[in-house]
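> Pasted the sequence and its predicted model underneath.
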Amino acid sequence: MSIELTEEQKMLQDSAERYLKNSYDFDQRQAASRSAKGFSDERWAQFAEMGWLAMPLPEEHGGFGFGAMEIMLLAEQMGRYLVVEPFLETVVVGGGLLARGATTALAERYLPAVAEGQLQVALAHGEEGKHASMINTATTAVDEGAHCRLNGVKSVVANGDQADVFIVSARLVGAGNSAVTLFAIPADAEGVERRGYPTYDGRRACELTLRNVVVGPEAVVGGRGSAEYLLDRVALDAQLAACAEVIGGMAALVEATQDYIGQRKQFGKTLSSFQVLRHRMADMYVQLELTRSLMLAAASSLAGEEGDAARLISALKARTVKAGRFVSQNAIQLHGGIAMTDELSIGHYFKRFAVLESWFGNRDFHLQRFRELQSVA
Amino acid sequence: MEKQEHYAEFRLRVRDFLDHHLTPDLRRAGRLMTSVFADFEATMAWHRILFQQGWVAPDWPQEYGGTGWDIQERYIFQEECKLANAPSLLPMGLQMLGPMLIRYGTAEQKEFYLPRLLSGEDVWCQGYSEPGAGSDLASLKTSAVRDGDIFRINGSKIWTSYAQHSNRIFCLVRTSKEGKPQQGISFILVDMDAPGIKVDPIVGLDGRVEQCQVFFDDVEVPVANLVGEENQGWTVAKYLLEFERGGHNFTIDLKKQLGKLHRQMAETRGINGASLETYPVLGSRLADLEIDALAVEYTELRIKGANSAGENPGALSSMVKLVGTELGQAFNELSLDVLGPAVAPCQLEALEPCYDGDIVGPRYALTAMAEYINNRASTIYGGTAEIQRDIIAKQVLGL
Ligand SMILES: Cc1cc2nc3c(=O)[nH]c(=O)nc-3n(C[C@H](O)[C@H](O)[C@H](O)COP(=O)(O)OP(=O)(O)OC[C@H]3O[C@@H](n4cnc5c(N)ncnc54)[C@H](O)[C@@H]3O)c2cc1C
Ligand SMILES: Cc1cc2nc3c(=O)[nH]c(=O)nc-3n(C[C@H](O)[C@H](O)[C@H](O)COP(=O)(O)OP(=O)(O)OC[C@H]3O[C@@H](n4cnc5c(N)ncnc54)[C@H](O)[C@@H]3O)c2cc1C
């Protein structure tokens, strides 16, 4: 199998790389991350201007209608430069769920705004003390005929602190129906309360409390009881993007570490003259490239809507977590004490990887899923 | 059998003491530890309580303030303290400098420094590493130039843990450029109040300050503060490094981590709503680590045996440092796997023992990410994992 990028895809990759390399420096990233908002509005506007936010959204709602390959290419570059702006949360997940599930009216209300950089979205699905899964959803939506009434608490809602709209999973109660359903709920709706906080990867999330939040039928995303189906599908894009981000980050770490051990001297020699470090470096590189191969395979399968896409994505996630740990931990190890500081970017990649590990299912979850899907195939 | 009873009784005595003196606030500080250091105020409060009791330096010879306990009693004491969540005492004075002064210090030095160290009046930090001298410690450049009965010190030390809380620092400095680098190093005690010392905090990866860079600009130190002979500092330091690596019981740390992991697994619900403890895959991984921890425990027991027989722990302590730290890191990773997204919120205020507000997420997940982050340093400080392997290869295997 060979995966060729189209001319357009190459251009996208080059321009993203060029823009981020020239203008997304680490100190500004840190300043944006520490601001009250947690990222830079100005950057977000620039991303919109370059069309990045519209990339995977449907053409009928202000998007370009591109797919998995483009998501992968952008996310990889963002990972490489440790971008803190919520592309994953708002565009890939939020945009993806709305594009696939929202009614035309709802899609028209939100998607053009996402594409233009005017709207932030967050998926509010996980709950405390549980590994994310449908069956455990304790948040309820009581069906009261003309509307639903939501109650519950959502935990570690990524991008939740800045979201204008939440997409909330809740279990339908009443009318003999208990299926989990997604609802689009504006952050300023009555009964919605959030508590924002920073996360270890330099971003911001929230705990979201819903108290008797009343929503009409138009708020349902993807139809009643379709949360699992919809989330499973969008999770594939999200997982691809998250893994691409880590792979971009690993590439940056390999390069930075290679550079550092070529310069730092101990015992009168450069660190790169110690074979154990050279071998470690070689292993880091191997881990990166092996994982990149899976990423390309998974992206192309997903872009082609092929049958093994889900299995390849699970394989990719499981492998990315393993490789991400190995590369980020050893990048720190090979730098020594200096990498344990806030000042160097090295450790910030490490922290970002650690947070992404459990995004849409951790390694154990995907190992299991890989086996299940294999037995089906 | 009689011995067994004696130890059981000893354990009860320690427990009784902890029940009465280890306050809830102190236990909370111990629970909130995310690195080898606990909150400074709590650490020193506990230090003073143990000092009152005469138990602050069990490892020291009795004539200098030790307890006279045998090795098993000391182990029991450490274990009970740790498992009761006592804040760990600062090792720089008690574990490193103290034994070193007892071995190499002059009568005056011992008489002056040891009591102040025991009482907690003096807080020491360790000034070895420099920006250019990490693993290759002997290449250190901070210079001490003799001028009558003082040394004039210039240069800087880095990664100095808790320098921001210390009133004294013990340093390795260069007193000669002749011969091998190791031969021109001296060991000297410095008052942090001395003019010309500047302490810059370093923000760690977890967002908090534990280490500092310490700058010396024409700092004057009396010649009498040399420990050991001039240019003999390397011998002194090597003795100390063995204590740094060997004085620690990794088994106890691992047991504490294991306890936490069991709790985290019991409380977290998996896909089918059941506790993660019932998951065969996670259960096997935990058992695997538990077995490794057991192997460390029995290795430490073997080392203790050698110790009581009067042998130097030497390279064996390198071995335990290596596996103990790497195993600790594996425990941290399993914690992340168990807790999932709950480890993400960064709640620095909630990690302070005085914090009494709400926290986000379950309490058993509060420290996991900071521990995962900070514990990466355990294979860097005190001799990196690569250096430890080198020591084993050279000193044990003769390669
Ligand atoms: C089944 C088999 C089939 C073979 N077939 C062929 C064949 O068809 N044609 C042929 O020409 N040869 C063949 N060989 C020989 C093979 O190429 C050599 O065994 C190989 O090059 C290793 O050399 P050595 O056995 O002398 O081991 P050594 O070179 O002595 O190596 C011993 C160990 O030291 C390590 N080592 C050596 N140098 C370094 C270094 N610089 N850094 C780090 N580690 C190092 C090695 O990795 C190895 O672990 C065969 C060998 C085997 C076992
Ligand atoms: C949290 C923390 C607390 C610390 N506290 C103190 C303190 O209180 N006082 C103090 O003096 N110091 C302290 N240190 C410093 C610590 O001792 C040094 O970081 C350590 O000695 C490593 O030095 P370095 O960081 O310069 O790394 P380097 O020596 O530059 O090492 C970088 C990498 O190269 C590897 N390497 C180096 N030489 C070799 C070799 N010959 N063969 C193979 N690999 C090699 C290392 O293993 C490492 O992976 C602390 C460090 C940390 C992280």
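Thanks, I have the structure now. Ligands and ions are numbered 1, 2, ... in the order given.
> Does anything pack onto the helix or strand hosting A:Met284? Which helices or strands?
For A:Met284, the host element (DSSP states H and E) is helix A:275-303. Of the remaining helices and strands, those touching helix A:275-303 by 3 or more CB pairs under 8 Å, 6 or more residues apart in numbering or on different chains; DSSP states H and E are helix A:68-80, helix A:227-263, helix A:309-335, helix B:385-391. Where you see a C-beta, it was placed from the backbone N, CA and C, and this is true even at glycine.
> can you pull the contacts of the residue lying farthest from the centre of chain A?
No residue in chain A sits farther from the centre than A:Gly268, which is 43.7 Å out by CA atoms, centre = their mean. Neighbouring residues of A:Gly268 by CB atoms under 8 Å, 6 or more residues apart in numbering or on different chains: B:Asp136, B:Ser139.
> Which neighbouring elements make contact with the helix or strand of chain A with the lowest mean pLDDT?
Using mean pLDDT, DSSP states H and E, helix A:363-376 stands out as the lowest-scoring helix or strand of chain A, at a mean of 86. On a contact count with 3+ CB pairs under 8 Å, 6+ apart, helix A:363-376 meets helix A:309-335, helix B:280-308.
> what's the distance between the helix holding A:Met284 and the middle of its chain?
Chain-centre distance of helix A:275-303: 20 Å, with CA atoms, centre = their mean, to the nearest Å.
> any idea of the mean pLDDT for that helix?
Regarding helix A:275-303, the rounded mean pLDDT is 97.
> Also stretch B:176-191?
On average, stretch B:176-191 scores 95.
> residues near residue 63, how many?
Going with chain A. Here the count is done by other CB atoms under 10 Å in any protein chain shown, and A:Gly63 has 21 residues near it.
> wrong one, chain B
What B:Glu63 shows, counting by other CB under 10 Å, is a neighbour count of 8.
> ok but it is inside a strand, no?
No - checked against DSSP: H, G, I helix; E, B strand; the rest coil, B:Glu63 lies outside a strand; its state is helix.
> Can you flag the weakest of the helices and strands packed on helix A:275-303 by average pLDDT?
Across the helices and strands packed on helix A:275-303, helix B:385-391 has the smallest mean pLDDT, namely a mean of 94.
> Mind listing what's buried along it?
Buried residues in helix B:385-391, counted by 16 or more other CB atoms under 10 Å in any protein chain shown: B:Ala385, B:Glu386, B:Ile387, B:Gln388, B:Asp390, B:Ile391.
> Contacts for the least confident helix or strand of chain A next, please.
Contact partners of helix A:363-376, identified using CB under 8 Å, 6+ apart, comprise A:131, A:308, A:310-311, A:314-315, A:317-318, A:321-322, A:357, A:361, B:271, B:279, B:281-282, B:337.
> For the stretch 101-250 of chain A, give the residue positioned nearest to ligand 2.
Residue of the stretch 101-250 of chain A nearest ligand 2, by CB to the nearest ligand atom: A:Tyr200 (17.3 Å).
> wouldn't that residue be in contact with B:Ala344 here?
Yes - with contacts counted by CB atoms under 8 Å, A:Tyr200 reaches B:Ala344, the gap being 6.0 Å.
> returning to what we had before: got phi/psi on the residue farthest from the centre of chain A?
Reported as degrees, to the nearest 10, the phi and psi values for A:Gly268 are phi 70, psi 10.
> mean confidence score for stretch B:14-23?
Averaging pLDDT along stretch B:14-23 gives 98.
> can you pull the contacts of whichever residue of chain A sits closest to ligand 2?
In chain A, no residue comes nearer to ligand 2 than A:Gly336, which is 2.3 Å away by CB to the nearest ligand atom. Residues near A:Gly336 by CB under 8 Å, 6+ apart: B:Gly134, B:Ser135, B:Ile380, B:Thr384.
> Thank you, goodbye.
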